[in-house]
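Participant: Sequence and predicted structure below; questions after.
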Protein chains: 2
Amino acid sequence: MKNPDAGTRLHAAEAFAPGSIGNLGPGLDVLGLAVSGIGDAVRAERGNAPGVVIVDPGHPDLSNDATTHASGIAATAVLRLAGAEDLGLRLWVRKGLPLSAGQGGSAASAAAGAGAANALLDTPLPSIKLIEAALEAETVVAGRHLDNVAPSIVGGLVLIRSMDPLDLVSIPVPTGLHVVLVRPEMPLRTADGRRVLPRVVPLATTIHQTAQVGAIVAAATSGDLALFGRAIDDRLAEPARAPLLPGFAEAKRAALDAGALGCSISGSGPTAFALADSEVVAGRVGEAMRQAYTNAGYACDVRVTVPDLEGLRVMTG
Amino acid sequence: MKNPDAGTRLHAAEAFAPGSIGNLGPGLDVLGLAVSGIGDAVRAERGNAPGVVIVDPGHPDLSNDATTHASGIAATAVLRLAGAEDLGLRLWVRKGLPLSAGQGGSAASAAAGAGAANALLDTPLPSIKLIEAALEAETVVAGRHLDNVAPSIVGGLVLIRSMDPLDLVSIPVPTGLHVVLVRPEMPLRTADGRRVLPRVVPLATTIHQTAQVGAIVAAATSGDLALFGRAIDDRLAEPARAPLLPGFAEAKRAALDAGALGCSISGSGPTAFALADSEVVAGRVGEAMRQAYTNAGYACDVRVTVPDLEGLRVMTG
């Protein structure tokens, strides 16, 4: 992420954070990938009274209460972590990401809120503190996990080794990796996607999941896209969540038949993601998935994109 | 591994395979590391009658029945996989690795048996077939897992992504990694170390294990030894097996206090391993662990070594 020079006292700043695929295949709570294109933006202006005010929550379904809006919670946490509670902030949110889609929207709002607030501090916090602040918001809004927040802030592919203490590892993103995001128009609350997860996991499944996460990291660092795809083999969250997502099984089969390296659920859904080794194949995969969802009776939004390597960016002014 | 030129019909060959750390930290059944130094060797000579005969099993406690000795089972499997059941083989085993120690001895015997038999074939099998053959032996002798067999054959650090189908990933070994192996003199059967494993794993533990395996792979490829050590944080097998291993908890504490990057149980024990970033620290760690076991009433054998990058090697003659 980029931070402006903090020497001059800024009046306003705008921050943008990309969407992300959390729970990347077998990487439940552990692997997330930032994706290029749409994201959430927050403009912050200094206010006259201490505290954070949401002027525009960015979507009619979102609250303008700063204690429940992801951007507001994260901005408030930034002020607290910086010891700057006397600062007043007014926030305008531009919500580019769809709500409750599994595309890391709440994390992006939190990241952008944290980034915009941070840009107005006399001494900005380092990224790791912004991640802490955004995690506070994500915990309230979507659950205590970092697999969306971390990539949304630092960009690229991130492994969360530990939450306590915070220990994140940026994994190189392999060249040529293309991402297809397909969001069928069906409701699914993040909480529902979470509730269906099993509380205990058979030993053999645990072993399988560890091997797949290790293989994704190996594949990413060596640039072995075929291995990356083979390792998108989630036997934990996907089987639990797929029954909530009509059309997903068919869309996945269509994606693989059309040449996708791998396919699974983005976050807790309903968005499905697929990976491909070229834009042409990615386009073909996206259309195949759209057709499968259409056949199942669901319209959908298809995006063909690439990983976002930059994460949170701040524009002053 | 190296294979001799198969153009000439050989009368005898000798193969050597190194020991290994299976279940490397959180990598139960998934991560293994070959280690330099002692290993098992098998000399094979052509016999007059078809079939495999064990002339010397290499240890008084080992059977000279080729259907139960790891080297014999693996050699027999090589002949079958090569369609060379008409060949007769006589095997002499030199057992360098301790029995039932958790240092990959059965896998090394299987690997060396497979390698020696393979060297006498007119058309030797590729490594992947030797791994299949050695796995047959390991399955009979120690259980169906590859985290010792694979590194013993291909060398270095190996991730087993899948057993069915076989999908192995060689992970770069970070420069400077030193290994301490401490074997306290206490009996432990591999089967006992296996029996205490839980059948189901809490979801949070599964997530933790996936993150650690991913972090080990990331650390190995980037050469981040400190991260490698932090990721040797096994909350599955180690807590289950430690109660069978008096002195281990104290030895681990002593290792970490002496500067080890990480410390856990090698395979299912009783050997403990520690990792260090230099030979000097490794020596200090080894002595600290020896002292801890001695205080607990157990003599022990301490080895300071490095990863073996070569795996199975075959000498003809």
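Facilitator: Yep, that arrived.
Participant: Please make it C-alpha for all contacts and neighbour counts, starting now.
Facilitator: Noted.
Participant: in the stretch 51-200 of chain A, which spans are helices?
Facilitator: With DSSP state H, counting those that start in this stretch as the criterion, the stretch 51-200 of chain A has helices at A:70-81, A:105-119, A:127-141, A:149-154, A:190-195.
Participant: Now render these as a markdown table, adding distance to chain B and mean neighbour count.
Facilitator: Shown next, in a markdown table, are the helices of the stretch 51-200 of chain A (distance: least, C-alpha to the nearest C-alpha, whole Å; neighbours: other C-alpha atoms under 10 Å in any protein chain shown):
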| stretch | distance to chain B | mean neighbour count |
| --- | --- | --- |
| helix A:70-81 | 25 | 28 |
| helix A:105-119 | 20 | 35 |
| helix A:127-141 | 16 | 23 |
| helix A:149-154 | 14 | 34 |
| helix A:190-195 | 12 | 16 |
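Participant: Tell me which of those lies nearest to B:Glu310.
Facilitator: In terms of C-alpha to C-alpha, the element of the helices of the stretch 51-200 of chain A nearest to B:Glu310 is helix A:149-154, at 37.4 Å.
Participant: mind checking which of the helices of the stretch 51-200 of chain A is nearest A:Pro57?
Facilitator: The nearest among the helices of the stretch 51-200 of chain A, by C-alpha to C-alpha, is helix A:70-81 at 8.5 Å.
Participant: just checking, what packs against the closest one?
Facilitator: Helices and strands touching helix A:70-81, by 3 or more C-alpha pairs under 8 Å, 6 or more residues apart in numbering or on different chains; DSSP states H and E, are strand A:51-56, helix A:105-119, helix A:127-141.
Participant: can you redo the helices of the stretch 51-200 of chain A as JSON lines with mean pLDDT?
Facilitator: Shown next, in JSON lines, are the helices of the stretch 51-200 of chain A (pLDDT from 0 to 100):
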{"stretch": "helix A:70-81", "mean pLDDT": "98"}
{"stretch": "helix A:105-119", "mean pLDDT": "98"}
{"stretch": "helix A:127-141", "mean pLDDT": "97"}
{"stretch": "helix A:149-154", "mean pLDDT": "98"}
{"stretch": "helix A:190-195", "mean pLDDT": "76"}
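Participant: For B:Trp92, which of those helices is the nearest?
Facilitator: Comparison of the helices of the stretch 51-200 of chain A against B:Trp92 by C-alpha to C-alpha identifies helix A:149-154 as nearest, at 55.9 Å.
Participant: The closest one: how far from the chain's middle?
Facilitator: Relative to its parent chain, helix A:149-154 has a centroid offset of 7 Å by C-alpha atoms, centre = their mean, to the nearest Å.
Participant: before we move on, what about stretch A:135-143?
Facilitator: For stretch A:135-143, the distance to the chain centre is 12 Å (C-alpha atoms, centre = their mean).
Participant: can I get the CA coordinates of it in CSV?
Facilitator: The C-alpha trace of stretch A:135-143 is given here as CSV (Å, rounded to 0.1, in the frame of the first residue of the first chain):
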residue,chain,number,x,y,z
LEU,A,135,-10.0,-7.0,11.4
GLU,A,136,-12.0,-5.3,14.2
ALA,A,137,-14.5,-4.3,11.6
GLU,A,138,-14.5,-7.7,9.8
THR,A,139,-15.1,-9.4,13.2
VAL,A,140,-18.2,-7.4,13.8
VAL,A,141,-19.6,-7.6,10.3
ALA,A,142,-18.5,-11.0,8.9
GLY,A,143,-16.5,-12.9,11.5
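Participant: What segments of chain A are strands?
Facilitator: A:12-21, A:31-46, A:51-56, A:88-95, A:157-162, A:167-171, A:178-184, A:200-202, A:262-265, A:272-276, A:300-305, A:313-316 (DSSP state E).
Participant: Please name whichever of those strands is nearest to B:Arg253.
Facilitator: Proximity to B:Arg253, assessed across the strands of chain A by C-alpha to C-alpha, is greatest for strand A:157-162 (21.0 Å).
Participant: what angle separates the closest one from strand A:12-21?
Facilitator: Interaxial angle of strand A:157-162 relative to strand A:12-21 (axes from the mean of the first three to the mean of the last three C-alpha atoms, to 10 degrees): 90 degrees.
Participant: and strand A:157-162 with strand A:167-171, angle?
Facilitator: Per the same axes, to 10 degrees, the angle that strand A:157-162 makes with strand A:167-171 is 160 degrees.
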